[in-house]
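> what follows is a protein structure lacking sequence information:
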Ligand SMILES: NC(=O)C1=CN([C@@H]2O[C@H](COP(=O)(O)OP(=O)(O)OC[C@H]3O[C@@H](n4cnc5c(N)ncnc54)[C@H](O)[C@@H]3O)[C@@H](O)[C@H]2O)C=CC1
Ligand SMILES: O=C(O)C(=O)Cc1ccc(O)cc1
């Protein structure tokens, strides 16, 4: 199939931007790629890696004549990135982003780029690493890429963006932005908040445990430390931009945690066993659906799928 775009501009050349560049090069070698990053040092490193064909020192120059512009910056920087490209966007250009929250980003982009064709997006694929060296071409293979177009978004733009992500190996689905934000608050944002909490708590307990938390850190805690090593700027922005949904799921989580705390206090083994059995079934269902590609891809699955029964 021919590439859906002639020229694609990637703004923000960190983990996600550089992965898109690498994957696009592999899947659509004839396509013209340009890029920009606000940090001089990142631009230099991206040039060294030869991630794109053109990498000017100016955002507006990078999007000149681009058919698709992909904003790959932290959610809190979307407004500034959009404002910087506004003067030189070609009228027919499609603007998308990869931000981890959608309703507030969509509103920011609408305000910064009035009249532009904006199709917000979010590839549900990533790692705890950042920067242009951290990206890799296979990141999106077999993973979901969610689009959250407004009701009046032009169908041809949605179709072209779908074709682009499909060429990178992603499975594409459209979703309402609020539905996206609530779903991701449960499946991604709350788990990160818990990891950030538990690793910080363990660090504070080091005085009590005399360094043994780190020394004997076993499977469970190690998994949390990977997630808690995620990009602080990016995650600060995610929590502040998806505040409502995160606070909503946090409230429910607190209720469930209190229930388990009470069961422990009451020596109520049946409640604990019942809860843990249900969560085990959820893990198995996810693996049966083939959704555990992240761990498999990175060759760091913490444990193989448990045998049934
Ligand atoms: N890291 C992950 O696992 C995933 C991240 N995302 C989303 O992708 C976006 C980018 O994240 P990463 O690539 O991981 O971060 P990153 O930190 O690796 O890269 C972001 C880049 O954006 C640049 N930048 C910041 N403000 C800018 C501006 N105004 N103009 C141009 N460049 C600017 C930074 O210098 C940096 O190089 C975020 O919105 C994040 O929520 C989405 C899916 C997964
Ligand atoms: O590294 C991990 O476990 C992740 O969960 C990566 C990730 C981070 C943010 C997203 O919006 C999507 C995926």
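Looks like it came in fine. These numbers were taken from a predicted model, which means no experiment stands behind them. Ligands and ions are numbered 1, 2, ... in the order given.
> helix or strand: which one has residue 281?
helix 269-288 (DSSP states H and E).
> which parts of the stretch 101-250 of the chain sit against ligand 1?
122, 123, 126, 127, 130, 131, 231, 234, 238 (C-beta under 6 Å from any ligand atom). (Glycine included, C-beta is placed from N, CA and C.)
> these in strands, which ones?
122, 123 (DSSP state E).
> tell me the angle of the top helix by length along the chain relative to helix 269-288?
When the chain is parsed with DSSP state H, its longest helix is helix 243-265. For helix 243-265 against helix 269-288, the angle by axes from the mean of the first three to the mean of the last three C-alpha atoms, to 10 degrees is 130 degrees.
> quick check, helix 243-265 touching ligand 2?
No - counting by C-beta under 6 Å from any ligand atom, ligand 2 has no neighbours in helix 243-265; the shortest distance is 12.9 Å.
> buried sites along that helix?
Buried residues in helix 243-265, counting neighbours by 16 or more other C-beta atoms under 10 Å, are found at 245, 246, 248, 249, 250, 263.
> so the last one touches residue 272, yeah?
Yes - using C-beta atoms under 8 Å, residue 263 is in contact with residue 272, at 5.2 Å.
> shaky segments in the stretch 101-250 of the chain?
207-211, 214, 218 (pLDDT under 70).
> show me where it has helices.
103-112, 155-167, 177-184, 190-209, 212-215, 219-228, 232-241, 243-265 (DSSP state H, counting those that start in this stretch).
> quick revisit: ok, which pair from the buried residues of helix 243-265 is furthest apart?
245 and 263 (27.5 Å; C-beta to C-beta).
> hmm, back to that, now the helices of the stretch 101-250 of the chain as JSON lines including distance to residue 9?
Shown next, in JSON lines, are the helices of the stretch 101-250 of the chain (distance: least, C-beta to C-beta, whole Å):
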{"stretch": "helix 103-112", "distance to residue 9": "15"}
{"stretch": "helix 155-167", "distance to residue 9": "13"}
{"stretch": "helix 177-184", "distance to residue 9": "23"}
{"stretch": "helix 190-209", "distance to residue 9": "29"}
{"stretch": "helix 212-215", "distance to residue 9": "43"}
{"stretch": "helix 219-228", "distance to residue 9": "31"}
{"stretch": "helix 232-241", "distance to residue 9": "21"}
{"stretch": "helix 243-265", "distance to residue 9": "30"}
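> if we can go back for a sec, which residues are contacting the longest helix of the chain?
178, 181-182, 184-186, 189-190, 193-194, 239, 268-269, 271-272, 275 (C-beta atoms under 8 Å, 6 or more residues apart in numbering).
> and the two most separated of those?
Taking C-beta to C-beta, no two of those sit farther apart than 178 and 269, at 39.4 Å.
> of the two, give the one with the bigger neighbour count.
residue 178 (13 against 10; other C-beta atoms under 10 Å).
> quick check: residues of the protein near ligand 2?
100, 124, 125, 126, 127, 128, 188, 227.
> and these, which of them are buried?
Of the residues of the chain next to ligand 2, these count as buried by 16+ other C-beta under 10 Å: 100, 124, 125, 126, 127, 188, 227.
> right, and out of these, which lies closest to residue 48?
residue 127 (21.0 Å).
> what residues sit buried inside stretch 86-94?
Buried residues in stretch 86-94 (16+ other C-beta under 10 Å): 86, 88, 89, 93, 94.
> so how far is residue 149 from the fourth one?
Using C-beta to C-beta, to the nearest Å, one gets 15 Å for the distance from residue 93 to residue 149.
> what's the answer for the second one, then?
With distances defined as C-beta to C-beta, the gap from residue 88 to residue 149 amounts to 24 Å.
> likewise for residue 36?
On the measure of C-beta to C-beta, residue 36 and residue 149 end up 25 Å apart.
> more neighbours: the two, which one.
Counted by other C-beta under 10 Å, residue 36 and residue 149 do not tie: residue 36 has more neighbours, with 29 against 22.
> for that one, which non-adjacent residue is spatially closest?
residue 62 (3.8 Å; C-beta to C-beta, 6 or more residues apart in numbering).
> which ones are touching the one you found?
9, 11, 34, 35, 36, 54, 55, 56, 85.
> try residue 30
Here residue 30 is in contact with residue 3 (C-beta under 8 Å, 6+ apart).
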